[in-house]
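**Student:** build me a model:
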Amino acid sequence: MTLEDEPSKEPDDEANADSGSDTKLAYLITALGQAADDGDPEAQFHLGALYEGNQGVPSDPQEAASRYFQAAEQGHVGAQLALGRLSSYGLGVPRDYTKAMEWFRKAADQGDNDAQTSIGLFYLYGQGVPQDYAEALRWFRIAAEHDDADAQASIGTLYQNGLGVSQDYEEAMLWFRKAADQGDARAQTNIGVLHYQGLGVKQNFVEAMYWFYKAAAQDFPGAQFNLGILYEKGFGAPQDYAKAMEWYRKAADQGSASAQVRVASFYEQGLGVPQDNAQALSWYERAAALGNPTAQRQVATLKEKLAES
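**Tutor:** Below you'll find the predicted structure:
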């Protein structure tokens, strides 16, 4: 049986398609710009989204913030949420958690679940407001009533760590499951952690691995790192340094300093990969640049070792 090849476009067809796409995009921007300048908040919001994201338009955070502001001032909830996000990250506007909170409150007052969860997170971490776990929980519960997975996972975290509530692993598991059933990778990872540690449930490394895999399939670095630990230690599966290294690398490539340290250690010891001190040093240095104290110590130690050899 022969597979059918997808017919290739003629070069001229590709050029014409690109040209047509560019023309449509230019028309869209012009039309939105005219409507936005006429005071249409929906057009202002969508124009802001175009300038914020990679949708064929060169990114312009300041123009995005300006258009969002026009719409937000007219009560557009999506624009209010977007301005809260931009203010919290310092994109197109100065980073200002207090201003971000103001915009999130406006959106939350209109019932936006993402804004409600964001307010909860600001209280949880004390950004723009005094840290207040009870107030964080209140806002998370408001959003969780509407099945907001991020809020449900956050409630689970509060119970898991006893923040503003009595520590209760079974209650934490209940909330993590609500979020995990909606595909929330953070909740799936935390369920795996509870099974790994035997908190609120009987310790079960196979079950932990199952949940870590679900989250890792979504490229969640914490789950990828945890899979590396399981394979390194032989928990829930036969010990496999090559597999462990594979998962540590996935997390390390996403900026996990802890995973970068394990990758470096594997190169230094020759576990799952050929021994390579130069690679080890490179990975230790990457983790050290992120402030990891173990990596910072190992950089100095390995440099001395290489200088003596």
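**Student:** low pLDDT regions in this structure?
**Tutor:** When the per-residue scores of the chain are filtered using pLDDT under 70, the ranges that remain are 1-22, 54.
**Student:** on the three-state scheme, G120 is what?
**Tutor:** Under DSSP: H, G, I helix; E, B strand; the rest coil, the three-state class of G120 is helix.
**Student:** quick one: the strands in the stretch 151-300 of the chain, in order.
**Tutor:** Secondary structure of the stretch 151-300 of the chain (DSSP state E, counting those that start in this stretch): no strands present.
**Student:** just the helices in it please.
**Tutor:** Chain-ordered helices for the stretch 151-300 of the chain, with DSSP state H, counting those that start in this stretch as the definition, fall at 169-180, 185-197, 205-216, 221-233, 241-252, 257-269, 277-289, 293-308.
**Student:** flag every buried residue along stretch 49-62.
**Tutor:** Along stretch 49-62, the positions that meet the burial threshold by neighbour count (16 or more other C-beta atoms under 10 Å) are 49-52, 57, 61. To be clear about C-beta, it is placed using only N, CA and C from the backbone, and glycine gets the same treatment.
**Student:** what's the answer for stretch 137-151, then?
**Tutor:** So for stretch 137-151, counting by 16+ other C-beta under 10 Å, buried means 137, 139-140, 142-144, 148-151.
**Student:** just put the residues you listed in JSON lines and tack on distance to Y248 and secondary structure.
**Tutor:** Output for these, formatted as JSON lines (distance: C-beta to C-beta, whole Å; DSSP: H, G, I helix; E, B strand; the rest coil):
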{"residue": "L137", "distance to Y248": "34", "secondary structure": "helix"}
{"residue": "W139", "distance to Y248": "36", "secondary structure": "helix"}
{"residue": "F140", "distance to Y248": "32", "secondary structure": "helix"}
{"residue": "I142", "distance to Y248": "38", "secondary structure": "helix"}
{"residue": "A143", "distance to Y248": "34", "secondary structure": "helix"}
{"residue": "A144", "distance to Y248": "33", "secondary structure": "helix"}
{"residue": "D148", "distance to Y248": "32", "secondary structure": "coil"}
{"residue": "A149", "distance to Y248": "27", "secondary structure": "helix"}
{"residue": "D150", "distance to Y248": "27", "secondary structure": "helix"}
{"residue": "A151", "distance to Y248": "31", "secondary structure": "helix"}
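**Student:** next, format those residues as a markdown table and append distance to G92.
**Tutor:** Putting these into a markdown table (distance: C-beta to C-beta, whole Å) gives the following:
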| residue | distance to G92 |
| --- | --- |
| L137 | 32 |
| W139 | 26 |
| F140 | 28 |
| I142 | 28 |
| A143 | 26 |
| A144 | 31 |
| D148 | 26 |
| A149 | 28 |
| D150 | 24 |
| A151 | 27 |
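**Student:** and the nearest residue to L91 once chain neighbours are set aside, how far from Y51?
**Tutor:** Distance criterion C-beta to C-beta, 6 or more residues apart in numbering; nearest residue to L91, sequence neighbours excluded, is P61 at 4.5 Å. P61 sits 8 Å away from Y51, taking C-beta to C-beta, to the nearest Å as the criterion.
**Student:** near the residue lying closest to S256 once chain neighbours are set aside, how many other residues are there?
**Tutor:** Closest residue to S256 in three dimensions, ignoring its sequence neighbours and counting by C-beta to C-beta, 6+ apart: P221, at 4.7 Å. Residues lying near P221 (other C-beta atoms under 10 Å) number 21.
**Student:** contacting residues for P221?
**Tutor:** 250-251, 254-256, 259 (C-beta atoms under 8 Å, 6 or more residues apart in numbering).
**Student:** pick out the most distant pair among the residues you listed.
**Tutor:** Across these, the two members that end up farthest from each other (C-beta to C-beta) are K250 and G255, 11.3 Å apart.
**Student:** looking at those two, which is more packed in?
**Tutor:** Counted by other C-beta under 10 Å, K250 and G255 do not tie: K250 has more neighbours, with 20 against 12.
**Student:** pretty sure the more buried one is touching A216, no?
**Tutor:** Yes - with the criterion set as C-beta atoms under 8 Å, K250 and A216 qualify as a contacting pair; they are 7.4 Å apart.
**Student:** report the two of the buried residues of stretch 137-151 separated the most.
**Tutor:** L137 and A149 (16.3 Å).
**Student:** got a list of what the most centrally placed residue in the chain touches?
**Tutor:** Centroid-nearest residue in the chain: F220, 7.5 Å away (criterion: C-alpha atoms, centre = their mean). Contacts were defined as C-beta under 8 Å, 6+ apart; by that measure F220 touches 185-186, 188-189.
**Student:** what of D132?
**Tutor:** Residues in contact with D132 (C-beta under 8 Å, 6+ apart) are 123, 126, 164.
**Student:** how about 10 Å then?
**Tutor:** For D132, the set of contacting residues under the criterion of C-beta atoms under 10 Å, 6 or more residues apart in numbering consists of 122-124, 126, 138-139, 164.
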